[in-house]
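# Build the 3D model from these lines:
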Amino acid sequence: MPHILEFHGDPHQVLREVERVLIPDGQLIVTGFNPHSLWGLRRRLQSRRNEFPVSGNYISVQRLKDWLQLLSFEVDRGNFGCYAPPCNQEHWLKRWHFMEAAGDRWWSFAGGAYLLRAVKRVHGMRLIMPPWNRKKVPGKVLTAVTQKEFEQSGQ
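Residues are numbered from 1 along each chain as shown. Predicted coordinates:
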């Protein structure tokens with residue numbers, strides 16, 4: 001789901017629908033913009049909120065993990081990226097390039113975008129039936145033997 005939750009009116013409903021249609025042990029991959037990053041700061045400070053990617057409603061990774069846990073998903077992996085501030089000019093991108101290399105090491109939580117992989121977990125149920133319907137294994141059956149038959153058998 002690439003950036004679906006930020007730009008949909010009801011992200012809870014989207015996740016509930018994904019949980020409904022996904023098979024057990026199915027994987028969900030979510031990408032989104034991090035509100036606790038320089039990109040999120042730009043969104044808060046910018047006066048024009050109608051241009052992409054500022055127009056979305058950013059959801060934090062922690063909140064998304066909580067939502068997924070409520071829907072019986074297990075967050076398997078996650079990663080952040082895009083540590084440099086968002087800018088359009090080439091010389092600014094070159095100037096801020098060092099932040100990409102240092103971002104994973106020094107401020108990994110502050111990446112502009114994130115990617116999460118979650119697995120749908122469904123707990124199985126096994127019925128344990130009472131032993132009423134089990135048939136008993138027949139054992140050795142004792143029969144009456146006459147003295148004459150006993151002597152003939154040689155025992």
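
# Let me know the pLDDT of the residue nearest the centre of the chain.
A centroid search over the chain (Cα atoms, centre = their mean) returns Ala118, at 1.8 Å, as the residue closest to the centre. The per-residue pLDDT reported for Ala118 equals 95.

# Would you map the strands across the protein?
Here the chain has its strands, by DSSP state E, at 27-33, 73-81, 113-120.

# re the thing from before, beta partners of the nearest residue to the residue nearest to the centre of the chain once chain neighbours are set aside?
Spatial nearest neighbour of Ala118, chain neighbours left out: Phe73 (4.1 Å); criterion: Cβ to Cβ, 6 or more residues apart in numbering. No exception for glycine: its C-beta is placed from N, CA and C like everyone else's. Phe73 has these beta-bridge partners by DSSP bridges: Lys120.

# For Phe73, grab the count of nearby residues.
The number of residues packed near Phe73 is 25, by other Cβ atoms under 10 Å.

# Same question for the one 3 residues further on.
The tally of other residues near Asp76 (other Cβ under 10 Å) stands at 12.

# Wait, Leu15 touches Gln69, no?
No: counting by Cβ atoms under 8 Å, Leu15 stays clear of Gln69, with 11.1 Å between them.

# Could you check how far Met75 is from Arg121?
Not quite, residue 75 is Val, not Met. The gap separating Val75 from Arg121 is 11 Å, by Cβ to Cβ, to the nearest Å.
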